[in-house]
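Peer 1: Have a look at this fold, sequence not included:
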């Protein structure tokens, strides 16, 4: 599929019409991407074997967009940032990569000033924020604090980790050692569990292996899913391709030497 058709396919999924480059357009793209595209490790697991053989762990853009639009997938910060960078660049935005230590990729978009854009952090970031201005945002799941000190930024989450970021952009080729490190089975955070995060009817929802967490307005609900419940939630609530998930689960269990359930799917 050619580039124009891929862009239109992505925009159609996001339910956004192409517009002139401006901050409101960027914010519309960002908000809808956060609400519709999942953070997940299913495709990271599926892409591992090819990456191990070739050194290219990130999927080609046509495969990435097809997984999002037709199979309900998304990716981790690496593939999500690269995919959104590609889309914004095709739409005419001046877009650059930013690296957050330790191990996170996000974006800088230059308009009237540089903006911080992040679609791969599972954080309540539904708009672009001025890159060199501190801010704080909070939802029912967490508090996210972005503190600027010159060219350095400290990002803290409660609950969650603290990371640091340089506001100077990086090249994607520079990130290859970090991407490779994230794909080491024994130590890679995203390979510890099969993980999914997304918004289900507006509710922040995460799934780690078979542990479901839903953050409602007045309560957090945690449920251990049996195999039948897991398949139903994957297909009916997350609207993800069960065959892809099952394939990833089998590879995960083989690499980890474990069985999540005592019965076959």
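Peer 2: The structure has been received and is ready for your questions. Just so we're clear, the structure is a prediction, and the values are computed from it rather than from any experiment.
Peer 1: switch to C-alpha atoms for all contacts and neighbour counts from now on
Peer 2: OK.
Peer 1: thought residue 217 was touching residue 202?
Peer 2: No - with contacts counted by C-alpha atoms under 8 Å, residue 217 stays clear of residue 202, the gap being 10.3 Å.
Peer 1: need the helices for the protein, in chain order.
Peer 2: With DSSP state H as the criterion, the chain has helices at 3-14, 23-36, 42-54, 61-71, 77-90, 176-182, 227-232, 242-256.
Peer 1: what's the angle from the third one to helix 61-71?
Peer 2: Using axes from the mean of the first three to the mean of the last three C-alpha atoms, to 10 degrees, the inter-axis angle of helix 42-54 relative to helix 61-71 is 160 degrees.
Peer 1: elements contacting helix 42-54?
Peer 2: In terms of contacts (3 or more C-alpha pairs under 8 Å, 6 or more residues apart in numbering; DSSP states H and E), helix 42-54 is packed against strand 74-75, helix 242-256.
Peer 1: Any stretches of the stretch 151-265 of the chain with poor pLDDT?
Peer 2: Along the stretch 151-265 of the chain, segments meeting pLDDT under 70 span 262-265.
Peer 1: ok, the closest residue to residue 207 other than its chain neighbours - contacts?
Peer 2: With sequence-adjacent residues excluded and distances taken as C-alpha to C-alpha, 6 or more residues apart in numbering, residue 207 is closest to residue 196, at 5.1 Å. Residues near residue 196 by C-alpha atoms under 8 Å, 6 or more residues apart in numbering: 38, 39, 40, 41, 42, 206, 207, 208.
Peer 1: Which members of the residues you listed occur in strands, if any?
Peer 2: Among the contacts of residue 196, the ones falling in strands (DSSP state E) are 38, 39, 40, 206, 207, 208.
Peer 1: any idea which of those is the one closest to residue 132?
Peer 2: Distance to residue 132, by C-alpha to C-alpha, is smallest for residue 39 among these, at 26.0 Å.
Peer 1: Who is the closest one paired with across the strands?
Peer 2: residue 75, residue 197 (DSSP bridges).
Peer 1: count of neighbours near it?
Peer 2: 24 (other C-alpha atoms under 10 Å).
Peer 1: Contacts only, for it.
Peer 2: Contacts of residue 39 (C-alpha under 8 Å, 6+ apart): 73, 74, 75, 76, 77, 80, 120, 121, 122, 196, 197, 198.
Peer 1: before we move on, what about residue 191?
Peer 2: By C-alpha under 8 Å, 6+ apart, residue 191 lies in contact with 41, 45, 183, 184, 185.
Peer 1: circling back to that earlier point, quick one: the contacts of residue 196 as a markdown table, columns for distance to residue 99 too.
Peer 2: As requested, the contacts of residue 196 are exported to a markdown table (distance: C-alpha to C-alpha, whole Å):
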| residue | distance to residue 99 |
| --- | --- |
| 38 | 21 |
| 39 | 18 |
| 40 | 20 |
| 41 | 20 |
| 42 | 23 |
| 206 | 25 |
| 207 | 26 |
| 208 | 25 |
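Peer 1: Show the buried residues in those.
Peer 2: By neighbour count, with 16 or more other C-alpha atoms under 10 Å, the contacts of residue 196 hold 38, 39, 40, 41, 42, 206, 207, 208 as buried.
Peer 1: Out of the contacts of residue 39, grab the one that's most surrounded.
Peer 2: Counting neighbours by other C-alpha under 10 Å, residue 74 leads these with 30 neighbours.
Peer 1: If I look at residue 111, what pLDDT would I see?
Peer 2: Note on residue 111: pLDDT of 98.
Peer 1: now it: how far from residue 3?
Peer 2: 24 Å (C-alpha to C-alpha, to the nearest Å).
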